[in-house]
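A.B. asks: got a predicted model here, sequence first, then my questions.
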Amino acid sequence: MRMRQKGFTLIELMIVVAIIGILAAVAVPAYSDYTVRAKVTEALTAAGAAKTSVADYYYANGELPTSNAEAGLADGTDYATEVIKGLSVHGEAVPGETAGTIEIEFGDIGDSAAIDTLLNFVPDTSNNALAWNCEIPDTNGLPAQYAPASCRSTSTTQ
C-alpha cells in the first residue's frame, strides 16, 4: 500500500514566497508615501489656527496682517515640531507675496526631497469674504505628490 504525501511541495511554497515578495515590494513604497502625507496633514492642522488668527485680524481691521505679531501669533519657530520647522505670516514686504500669506516650512517628514520645503496659504479677499488658496512655491516647494487633496482645489472659505 502506497502512502500519500500530505502537505505542500517545495515548488508550491516557493510560489507563495514569491507572491508575498511581490506584494511587499508594492506595499512598502505606498506605505512610505502614506506616512509622509500624514505628516503634511499634521502641518495643515497647525495652519488652521493661523488661518483663524489671520481671519480674525482681517474682519476686525479690514486688512490683512503682515506678520505673526499683527496676526496675534507667536514667533514662527514656536510652532516647531518634528514635522514643522516654522509657521509664519508674511506680508507685502516679502517680494511677490500677498499680505496675510501663511507659510509652513517643513522639517524632516520622511523624504529627503521634502526636507526644508514650503507650502503657502494665500488669502483671497476679492468677494468681501476671506478664502484661502493653497500654493506650492516654485522655489523650494513641497513635492506635489505629498500635497493634500485640500491643496489641489482652488480655494477653501474661512
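C.D. replies: Here it is on my side, so go on.
A.B. asks: from here on, just use CA atoms for contacts and neighbour counts.
C.D. replies: Will do.
A.B. asks: packing partners for the longest helix along the chain?
C.D. replies: For the chain, the helix with the greatest residue count under DSSP state H is helix 10-61. Where contact means 3 or more C-alpha pairs under 8 Å, 6 or more residues apart in numbering; DSSP states H and E, helix 10-61 is packed against helix 68-71, strand 101-106.
A.B. asks: any idea of the angle the last one forms with helix 10-61?
C.D. replies: Same thing as strand 101-106. 150 degrees (axes from the mean of the first three to the mean of the last three C-alpha atoms, to 10 degrees).
A.B. asks: pick out the residue nearest the middle of this protein.
C.D. replies: Val40 (2.7 Å; C-alpha atoms, centre = their mean).
A.B. asks: what's the residue nearest to Ile102 when sequence neighbours are not counted in contact with, if anything?
C.D. replies: Counting by C-alpha to C-alpha, 6 or more residues apart in numbering, the nearest residue to Ile102 once its immediate chain neighbours are dropped is Val89, at 4.5 Å. Taking C-alpha atoms under 8 Å, 6 or more residues apart in numbering as the contact definition, Val89 lies against 65-68, 71, 100-103.
A.B. asks: looks to me like Val89 is in a helix.
C.D. replies: No - looking at Val89 with DSSP: H, G, I helix; E, B strand; the rest coil, it is strand, so not inside a helix.
A.B. asks: format the contacts of Val89 as TSV; extra columns: distance to Ala80.
C.D. replies: What follows is those, written out as TSV (distance: C-alpha to C-alpha, whole Å):
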residue	distance to Ala80
Pro65	21
Thr66	20
Ser67	17
Asn68	14
Ala71	18
Gly100	20
Thr101	18
Ile102	15
Glu103	13
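A.B. asks: need these in CSV with distance to Val28, neighbour count and pLDDT, can you?
C.D. replies: Formatted as CSV, the contacts of Val89 follow (distance: C-alpha to C-alpha, whole Å; neighbours: other C-alpha atoms under 10 Å; pLDDT from 0 to 100):
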residue, distance to Val28, neighbour count, pLDDT
Pro65, 43, 25, 91
Thr66, 43, 21, 88
Ser67, 41, 23, 88
Asn68, 40, 21, 88
Ala71, 42, 22, 87
Gly100, 39, 29, 89
Thr101, 36, 27, 91
Ile102, 33, 28, 91
Glu103, 31, 23, 90
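A.B. asks: and which of the residues you listed is nearest Thr81?
C.D. replies: The shortest gap between Thr81 and any of these belongs to Glu103, at 15.0 Å (C-alpha to C-alpha).
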